[in-house]
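> the following block contains a protein sequence and its predicted model.
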2 protein chains.
Amino acid sequence: MTEQNPLSRQQLVAGAADMIRRRGLNATSIREVAKHAQTPLGSTYHYFPGGKQQLATEAVRFAGDAVARMLDKELRAGPVEGLRAFLALWREIITSTDFQAGCPVLAVSIEEHAADERPAVLAAAAEVFNGWEAQLADSMRQHGADPQAAGQLATLVVAAAEGAVAMCRAQRSTRPLDQVSAQLEELTRTTVCN
Amino acid sequence: MTEQNPLSRQQLVAGAADMIRRRGLNATSIREVAKHAQTPLGSTYHYFPGGKQQLATEAVRFAGDAVARMLDKELRAGPVEGLRAFLALWREIITSTDFQAGCPVLAVSIEEHAADERPAVLAAAAEVFNGWEAQLADSMRQHGADPQAAGQLATLVVAAAEGAVAMCRAQRSTRPLDQVSAQLEELTRTTVCN
DNA sequence: GCTACACTATGACGAGTGTTATAGCCAGGA
DNA sequence: TCCTGGCTATAACACTCGTCATAGTGTAGC
């Protein structure tokens, strides 16, 4: 078996994303990511010469792309259906892990970085957030929503979903996300059918 | 000077809260908290025999109480004014720290904990979130809002604010919070004057 | 005076961290 | 056959971490 290199690489990235969304960036060590992916520690620095920074950045992009692909597919049925799928995805993540996992993009956004530098992983997180927002807003606009209102609502959707997921983990309850979901759906419905 | 003991203790708690909201719980070491508060490391374990767990728990409650007191005061002018103050506080925190600081309660909610245990710090975070929600919801109800709608909207306010603050840090821009603020204000206005 | 006790100073323990270096493996091409 | 180069194995470096123990300080109350 020759070309299992990219396979190991992908497992590393996926494993890192999974650990980051459960424990946060700082508590995710390269050693444990490698062990979890059954990959030697040395290979990590072979695949990711940029070290932890690069691995984390790719993990954020990986998770962001997975959600974006799902959004792209579900939004074809309309903005409300896409929103519902987006919220259902987060609900599935927190319930299927017994409130242990959240969003790796959020996790990365609130952790340490020196005052003067702007780590690549933060920039990746910003891009992911912007991408989700753009997908949701575009879909609303294509269904007759006021362009500015669509942009604002898309931001609210992402912010409320991310915040609600964190609150669900703290309270060990899906109530925050469920309550937020009901209101976001209603808002989207009225914004689309303006 | 005899009774500066509680002063050191308070500085430790306040410093821990500040570091947690900037770097997260895991990147906040007791050594650095002690150094920042100009307190010996040994004193930390004198004041907080429960170790890091206890210090973090008190820091979360400290930060939560500070916001709760502010909310209590500003909500006396009405739900919309209270909401405005709530959102302005977060805006001030992120701008005055050049997007370095966020919410310690959120930070603590998304970090590591073993699958079987439920750390005290997580319970404290849940209480803080519930407290903010209750304050906002009660104020809306006292101003004629539908009880159930008030509860839902209060949850949305806290979730959206927390999520928006994190997004602002990632994007180094107050835009997410500003857009979310406009919509939450509008929603609160229409919910109160039902 | 002197004891009691809140607090400090200091150092150590074992464990874990990111990162680097070096030697070794083993399939593919010449 | 040899050699090359992607990958692995292993160990080490120089930290930092939470926590504990122990000896020492100084002030308050008797």
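All right, it came through fine.
> can you show me the helices along chain A?
Along chain A, counting by DSSP state H, helices occupy A:5-23, A:30-36, A:41-47, A:51-74, A:79-96, A:104-109, A:120-142, A:147-171, A:175-192.
> of all these, which one is nearest B:Tyr45?
helix A:5-23 (25.0 Å; C-beta to C-beta). The C-beta positions use only the backbone N, C-alpha and C, and glycine is treated the same way.
> and that closest one, is it in reach of DNA strand C?
No. Using C-beta under 7 Å from any atom of the strand, helix A:5-23 stays clear of DNA strand C, coming no nearer than 9.6 Å.
> circling back to that earlier point, highest average neighbour count across the helices of chain A?
helix A:104-109 (a mean of 28; mean count of other C-beta atoms under 10 Å in any protein chain shown).
> ok, and what's touching it?
A:17, A:20-21, A:24-25, A:56, A:59-60, A:63-64, A:121-122, A:124-125, A:128-129, A:162, A:165-166, B:110-111, B:163, B:166-167, B:169-170 (C-beta atoms under 8 Å, 6 or more residues apart in numbering or on different chains).
> export the lowest-mean-pLDDT helix or strand in chain A to CSV, keeping only CA atoms.
Ranking every helix and strand in chain A by mean pLDDT, DSSP states H and E puts helix A:5-23 at the bottom, with a mean of 91. What follows is helix A:5-23, C-alpha atoms only, in CSV (Å, rounded to 0.1, in the frame of the first residue of the first chain):
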residue,chain,number,x,y,z
ASN,A,5,-0.1,9.2,2.9
PRO,A,6,-3.0,11.5,2.2
LEU,A,7,-5.2,9.2,4.1
SER,A,8,-3.1,9.6,7.3
ARG,A,9,-3.0,13.3,6.6
GLN,A,10,-6.8,13.5,6.4
GLN,A,11,-7.3,11.5,9.5
LEU,A,12,-5.0,13.8,11.3
VAL,A,13,-7.0,16.8,10.3
ALA,A,14,-10.3,15.2,11.0
GLY,A,15,-9.1,14.0,14.4
ALA,A,16,-7.7,17.4,15.3
ALA,A,17,-11.1,19.0,14.4
ASP,A,18,-12.9,16.6,16.6
MET,A,19,-10.6,17.1,19.5
ILE,A,20,-10.7,20.9,19.2
ARG,A,21,-14.4,21.0,19.2
ARG,A,22,-14.5,18.9,22.4
ARG,A,23,-11.6,20.3,24.4
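> contacts for it next, please.
A:28, A:32-34, A:36-39, A:43-44, A:47-48, A:55-56, A:58-60, A:62-63, A:93, A:97, A:100-104, A:107-108, B:26, B:111-112.
> contact residues of chain A facing DNA strand D?
Counting by C-beta under 7 Å from any atom of the strand, chain A sits next to DNA strand D at A:5, A:8, A:39-43, A:46-47.
> mind redoing it with 6 Å?
Within chain A, the residues that sit near DNA strand D (C-beta under 6 Å from any atom of the strand) are A:5, A:8, A:39-43, A:46.
> determine which two of these are furthest apart.
A:Asn5 and A:Leu41 (16.0 Å).
> so where's chain A uncertain?
Scanning chain A for pLDDT under 70 picks out the ranges A:1-5, A:194.
> was I right about A:Pro119 contacting A:His113?
Yes. The criterion here is C-beta atoms under 8 Å, and A:Pro119 meets it with A:His113 at 5.0 Å.
> relative to DNA strand D, how far out is A:Met167?
25 Å (C-beta to the nearest atom of the strand, to the nearest Å).
> ah, wrong one, I meant A:Leu83
Counting by C-beta to the nearest atom of the strand - A:Leu83 and DNA strand D are separated by 40 Å.
> now do the contacts for that residue.
A:136, A:157, A:184-185, A:188.
> can I get the residues you listed in a markdown table with distance to chain B?
Putting the contacts of A:Leu83 into a markdown table (distance: C-beta to the nearest C-beta, whole Å) gives the following:
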| residue | distance to chain B |
| --- | --- |
| A:Leu136 | 13 |
| A:Val157 | 9 |
| A:Leu184 | 8 |
| A:Glu185 | 12 |
| A:Thr188 | 12 |
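> among those, which pair sits farthest apart?
Checking the contacts of A:Leu83 with C-beta to C-beta, the most distant pair is A:Leu136 and A:Glu185, at 12.6 Å.
> these two touch, right, A:Ser43 and A:Val33?
No. A:Ser43 lies out of contact with A:Val33 (C-beta under 8 Å); the separation is 10.9 Å.
> enumerate the residues of chain A near DNA strand C.
Residues of chain A lying near DNA strand C (C-beta under 6 Å from any atom of the strand): A:2, A:29-32, A:41-42, A:45, A:51-53.
> what do you get if the cut-off is 10 Å, keeping everything else the same?
A:1-3, A:16, A:23, A:25-35, A:40-46, A:48-56 (C-beta under 10 Å from any atom of the strand).
> A:Phe99: how many residues sit nearby?
Each residue near A:Phe99 was counted by other C-beta atoms under 10 Å in any protein chain shown, and the total is 21.
> does it touch A:Met167 like I think?
No. With contact defined as C-beta under 8 Å, A:Phe99 does not reach A:Met167; the gap is 10.7 Å.
> and the nearest residue to A:Leu184 once chain neighbours are set aside, how far is that from DNA strand D?
Take A:Leu184 and drop its neighbours on the chain: the residue closest to it by C-beta to C-beta, 6 or more residues apart in numbering or on different chains is A:Val157, 5.4 Å away. Shown here: A:Val157 relative to DNA strand D, a distance of 36 Å by C-beta to the nearest atom of the strand.
> so what's A:Val157 up against?
A:83, A:86, A:133, A:136, A:184, A:188.
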